[in-house]
Structure formats: C-alpha cells, structure tokens
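here is my input; please provide its structure:
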Amino acid sequence: MKTLLFIAALLTSATSFADTQSTEEYLEEVNKAFSRFFEATNGKTYSQQIIAIEELYVEFEDNDAVQDVLLQSLGDVYSFSGLYHQALMTVDSRGIEPGKLDDEIKGFRVHDAIDAILERSSKHQIVMINEAHHVPQHRVLTYQLLEGLWEQGYRYLALEALAENAEHNLAIGHIPQNAGHYTKEPIFANLLLYAQELGFQLVSYDYGFEIEGTTAEREESGARNLREKIFTQNPDAKAIIHVGYNHINEEGWLAHHLKKSLGLDPLTINQTEIREKSEQQYESESYAWIIANHAFDTPITLLNEAGELWSASPNEYDVNVIWPRTEYIQNRPEWARLGRKLKLADSTWCQETFPCTIEVYAASVDDEVPTDRIVLLTAQDAAGVFISPSSSKIEVTNAEGKILHTEVID
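Numbering: from 1, shown residues only. Presented below is the predicted three-dimensional model:
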C-alpha cells in the first residue's frame, strides 16, 4: 500500500515537473525512484525509514518531482513516529505559496466547530471530513464528532485509508497492521477503535481503479463502492466519510460523484485549507489573522451575521474548520490526548540507544497497531506517552526493532 501511494503521488507530481523532461526520461526516473524507495523502506522501522528517505532525497537532488514526493513520504513517516512538528516542517519545506487574506472573515464571529457541525449534520445523510495525511490532528475532529453523529442516527464510517474490504478482518479491541497504510498511525487507530466501540460499521471504498487512471475514474469507483456497500441496501442510511484533501470537493471529486450517484447533498468539511504550519511564514494570511484576532482553544468555524457557516471556497465545500495553534505538554500535542493520561517516559527505557521507539499497546497481539508511539531521536529528547484504561503494555525498541524494554501496565 505504501509503495502504491508513493507511485500515485509521483505520477501526480508529474503534471508540475515533467515538462522539463521527455515522457520517456520522466518515466525512467519514476521507475528508478520507485525501485529505490521500495528497496530503502520495505520492512524497515520508522527510525530506519527516516534515515533512508533523507538519503534518497540527496540521491535525487536533480529531480524536483521525486524530491517533492519524498518530502511528502517523510512527513508521513514523521507523523507515524509521533513527531508532529517535524512532520509539519518537512512538508512545509515543499515551498507551497501560502494563501492570501480573505477580508470577508474580519466581520465574522467564531463558533465551536463540533457544535456548529452537529447543528447542521442532522439535516444530511452524509458528512464528509478531510485531512492532510501528515496531520493526525485532523483525525481528532472526526473522533470528536463520532458520539454526536451516532446520536443523530449515523451508523457508517467510511474511510479512504482502509484497505479493500479490510473491515471484514477487524477484530474488536485492536487494529491490525494490514488494515491500511495511514491506519498504522496511532491517532487513526484510536479513531477506528472508538468507532467500533460506539457501534459504527466501518467501510472501505477507495479501490477498484487503475493507479495510473484519472481522478474521475477513481472518484467514480469510490462513489460506486459506497453506494453498493451502504445505500443500495439502506437508502436512508447516514454515513461519515473521512477522506484526504480534495475528495470533499463538490466539483469533480468524490463529493460530486456521490451527489450525482445518490442524489444526496453531503455536508463537506475542510480542515486542510486554513491550518497551522511549522512556521508562521508558511501559514495562510487568513489563518494568521484568525489566530491574532480571536482567542480559542478548540477547533472553530466562522459564522456571518446571519449565522451561516463560512467557506473559503463555497462552490467546492461547505465549511472551513480552523484549529488553534498546537500546545505541547511533555513534547506531545495536547490534541493527541483523547482523554488519556500522559506518562513521562523513563529515560532508562532506551538503554542509551538512540533512536528508540516507545509504543503503547492495548491488546498485546503480534499484528497490533499501537495506540500511541513516540520516537526519541537523541538522548536529549524527552517525551510522554498516552495511557488509557485499556492500555496493557509499553514496549521500547531500538532502530532495528529489537526490544529494549517492556513494561506491563496494571
């Protein structure tokens, strides 16, 4: 799955960079990059992948497209490692131009995002929420909405990140490693576990298309799978769909094809457009203005005088959700707490071996995705781990994956 995502991203980047090369030259570079990426990262720990991708970045210094995708991949690995700020820094270094200030927002008021969404979701059958794949914070919004949406009759949680039909192999109490690629990230695993606990039926849908095909083919396939798995058997069903980036767009993307196929208008929620970056220079002017002029410590939406939700692109999606700047406690984001206790990691666990990885498990089975993970890169790093009543053990490993310490949680 990881390598397929790498190929897809590389082919997408071709539209931006391939004009400087012939098609034959570009495809040759794509094949070389794919082979090197697979060779360098397959079966490796996250600590090893970080080093490998950094080395590949130097190796492909003359290929902007490959470097762009490597930065995206490295950002993902940092996020899987619990290194949130490093994930932001890596992807921000791609140099995407920040958005300009939308003067319209100066007359708006802030409103709690959870309340605002739940006030409107009862009038819809589909709620679509997007994420930036290297930003686990965006999974927290869906996590926080689950209970309220369940009370409104939502019973399905469909996820772009789930592998084809992976829902049939998900045991209650732990998420297996083969459930998907991004589901190996602990916040994502917690999202799935909480959805299962509430009773949601998980649904995979992002399959059945050629990797080199068009966006329309992929979105049509996704809409067809969602229709067949949910709405054909239950036309009145209510579903949450958690997607990446542009798939919430109601012009040409998944939201559009669902609307066309089902005749239903989804409530589309964008978290990726106006958000925190690693440094203020990378942030959109609208985000900087909102942070400077409003005090809030939970995700918010903006409302106009008529009480209508604000969207930066109303033809594409219904509402922007804006998160406050991240507060760190023991080098961990406060938004990652999810109601759990924060336990300071014992410096002796790593046995003076760095980088080392600290993971928290619930079910303690071989293929389990941990409910928390933090990689300590140097002896100077210190961090906490998140512990819940369901946590059963803490496991500490070195860069090669050898166990250094195990601690049973009573």
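
please enumerate the helices of this structure.
For the chain, applying DSSP state H gives helices covering 2-17, 23-41, 46-59, 64-80, 84-92, 113-121, 137-151, 186-198, 215-226, 254-262, 285-293.

dump these to TSV, plus mean neighbour count.
Quick note: C-beta positions are derived from backbone N, CA and C, even for glycine. As requested, the helices of the chain are exported to TSV (neighbours: other C-beta atoms under 10 Å):
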stretch	mean neighbour count
helix 2-17	17
helix 23-41	15
helix 46-59	18
helix 64-80	24
helix 84-92	21
helix 113-121	19
helix 137-151	20
helix 186-198	22
helix 215-226	19
helix 254-262	21
helix 285-293	17
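
report the separation between the residue nearest the centre of the chain and Ile403.
The C-alpha lying nearest the average C-alpha coordinate of the chain belongs to His133 (C-alpha atoms, centre = their mean; 3.5 Å). Distance, His133 to Ile403, using C-beta to C-beta, to the nearest Å: 29 Å.

next: Gln233.
Counting by C-beta to C-beta, the gap from Gln233 to Ile403 is 46 Å.

repeat that for Arg325.
Arg325 is 37 Å from Ile403, where distance means C-beta to C-beta.

how about Ala161: what's its closest non-neighbour residue?
Tyr182 (4.1 Å; C-beta to C-beta, 6 or more residues apart in numbering).

gap between the closest residue to Ala336 other than its chain neighbours and Thr268?
Leaving aside its chain neighbours, Ala336 sits nearest to Ile187 (6.2 Å; criterion: C-beta to C-beta, 6+ apart). The gap separating Ile187 from Thr268 is 22 Å, by C-beta to C-beta.

same question, Ser81
31 Å.

looking at these two, which one has more neighbours?
Set Ser81 next to Thr268 and count neighbours by other C-beta atoms under 10 Å: Thr268 wins out with 27 against 24.

OK, contacts around the more buried one?
128, 248-250, 255, 316-319 (C-beta atoms under 8 Å, 6 or more residues apart in numbering).

and Ala161, how many neighbours?
Ala161, neighbours per other C-beta under 10 Å, totals 24.

revised request: answer the last question for Asn178.
Using other C-beta under 10 Å, Asn178 has 14 neighbouring residues.

contact partners for the nearest residue to it once chain neighbours are set aside?
Using C-beta to C-beta, 6+ apart and skipping the chain neighbours, the partner closest in space to Asn178 is Ala163 (6.7 Å). With contacts defined as C-beta under 8 Å, 6+ apart, Ala163 is in contact with 1, 178-181, 204, 207.

and if we set it to 7 Å?
By C-beta atoms under 7 Å, 6 or more residues apart in numbering, Ala163 lies in contact with 1, 178-180, 204.

Gly384 too?
330, 332, 342-345.

could you pull up phi and psi at the residue nearest to Asn178?
Per-residue torsions, Ala163: phi -70, psi 160 (degrees, to the nearest 10).

go on, Glu316?
phi -100, psi -40.

what about it, distance to Trp150?
28 Å.

any low-confidence regions in the stretch 251-400 of the chain?
Along the stretch 251-400 of the chain, the model assigns pLDDT under 70 to no residue.

strands of that one, start to end?
267-270, 300-303, 319-320, 328-329, 332-333, 341-344, 356-361, 372-376, 384-387, 393-398 (DSSP state E, counting those that start in this stretch).

could you list the buried residues of stretch 379-388?
Neighbour counts over stretch 379-388 (16 or more other C-beta atoms under 10 Å) mark 381, 383-388 as buried.

can you give me the end-to-end span of that stretch?
Length of stretch 379-388, first residue to last, C-alpha to C-alpha, to the nearest Å: 26 Å.

now swap in stretch 272-286 and tell me
End-to-end distance (C-alpha to C-alpha), stretch 272-286: 13 Å.

and for it, what are the contacting residues?
Looking at stretch 272-286 with C-beta under 7 Å, 6+ apart, the contacting residues turn out to be 85, 88-89, 92, 98-102, 105, 130-132, 245, 287-288, 312, 320, 322-323, 325-326.

and those residues, which of them are buried?
So, by 16+ other C-beta under 10 Å, the buried ones in the contacts of stretch 272-286 are 88-89, 92, 102, 105, 130-132, 245, 287-288, 312, 320, 322-323.

what about Lys402, neighbour count?
A count of neighbours around Lys402, defined by other C-beta under 10 Å, yields 11.

typo on my end, Leu83
Neighbour tally, Leu83, other C-beta under 10 Å: 24.

swap in Ile374?
25.

surely it is in contact with Gly82?
Yes. Using C-beta atoms under 7 Å, Ile374 makes contact with Gly82 at a distance of 3.8 Å.

re earlier: show the model's pLDDT score for the residue nearest to the centre of the chain.
Looking at His133, its pLDDT is 98.

residues contacting it?
His133 touches 76, 182, 244, counting by C-beta under 7 Å, 6+ apart.

do Arg332 as well
342, 383-384.

and what of Gln201?
Here Gln201 is in contact with 155-156 (C-beta under 7 Å, 6+ apart).

buried sites along stretch 402-410?
Buried-residue list, stretch 402-410, by 16+ other C-beta under 10 Å: 404, 409.

quick one: distance of that stretch to the chain centre.
Counting by C-alpha atoms, centre = their mean, to the nearest Å, stretch 402-410 is centred 28 Å from the centre of its parent chain.

got it, and stretch 364-380?
Counting by C-alpha atoms, centre = their mean, stretch 364-380 comes out at 18 Å from the chain centroid.

end-to-end on that stretch?
Using C-alpha to C-alpha, the span of stretch 364-380 from its first residue to its last is 29 Å.

Leu141 is in contact with Val321, isn't it?
Yes. Proximity of Leu141 to Val321 meets the contact threshold set by C-beta under 7 Å, at 6.2 Å.

so what sits against both of the two?
Shared contacts of Leu141 and Val321 (C-beta under 7 Å, 6+ apart): 113, 271, 299.

closest to Gln48 among those?
Of all the shared contacts of Leu141 and Val321, Gln48 sits closest to Gln271, with 30.6 Å by C-beta to C-beta.

re the thing from before, what number of residues lie near the closest residue to the residue nearest to the centre of the chain other than its chain neighbours?
Using C-beta to C-beta, 6+ apart and skipping residues adjacent in sequence, the residue nearest His133 is Gly244, 5.5 Å away. By the criterion of other C-beta under 10 Å, Gly244 has 17 neighbours.
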